[in-house]
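# build me a model from this:
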Amino acid sequence: MSPYVLPLASIEGDGSYRICRVRTGKFCQDQRLRELGLLEGRTVRVVSSRDPMICQVGDGRFGLCRRLAQCVLVEPLAVPSTRSA
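So this is what the prediction gives:
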């Protein structure tokens, strides 16, 4: 996994991220998140980082409480540059 992986709940502002892992510890919750499109490798866009977070996967938007968003690990699509000028 990338060193830039972080929980979806820790995102401030909006942006697009690649989903690395979805694990709540409860099968029914994991299944529901999969049904919403939160699958490893897919892109999720954070529309609003308030609680509930508004997320977009594909053409669908949905609200996700911070507790569940904590169980979704993501990495930014654009990795910050470490080079200095």
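
# helices and strands around the biggest helix by length in the chain, which ones?
For the chain, the helix with the greatest residue count under DSSP state H is helix 27-35. On a contact count with 3 or more CB pairs under 8 Å, 6 or more residues apart in numbering; DSSP states H and E, helix 27-35 meets strand 15-22. Just so you know, the C-beta spots here come from the backbone N, C-alpha and C atoms, and that holds for glycine as well.

# mind listing what's buried along the longest helix of the chain?
Of all the residues in helix 27-35, those buried under the rule 16 or more other CB atoms under 10 Å are 30, 33.

# let me see the mean pLDDT of it.
Across helix 27-35, pLDDT averages out at 93.

# run through the protein and note the low-pLDDT ranges.
Residue ranges of the chain with pLDDT under 70: 1-2, 79-85.

# tilt between the longest helix of the chain and strand 15-22?
140 degrees (axes from the mean of the first three to the mean of the last three CA atoms, to 10 degrees).

# can you name the element that comes right after helix 27-35?
Past helix 27-35, further along toward the C-terminus, the next helix or strand under DSSP states H and E is strand 43-48.

# each with direction, which strands does that next one pair with?
Using DSSP bridges, strand 43-48 pairs in its sheet with strand 15-22 (antiparallel), strand 53-57 (antiparallel).

# buried ones in the last one?
Looking back up the chat, that one is strand 53-57. The neighbour-count check on strand 53-57 (16+ other CB under 10 Å) flags 53, 55-57 as buried.
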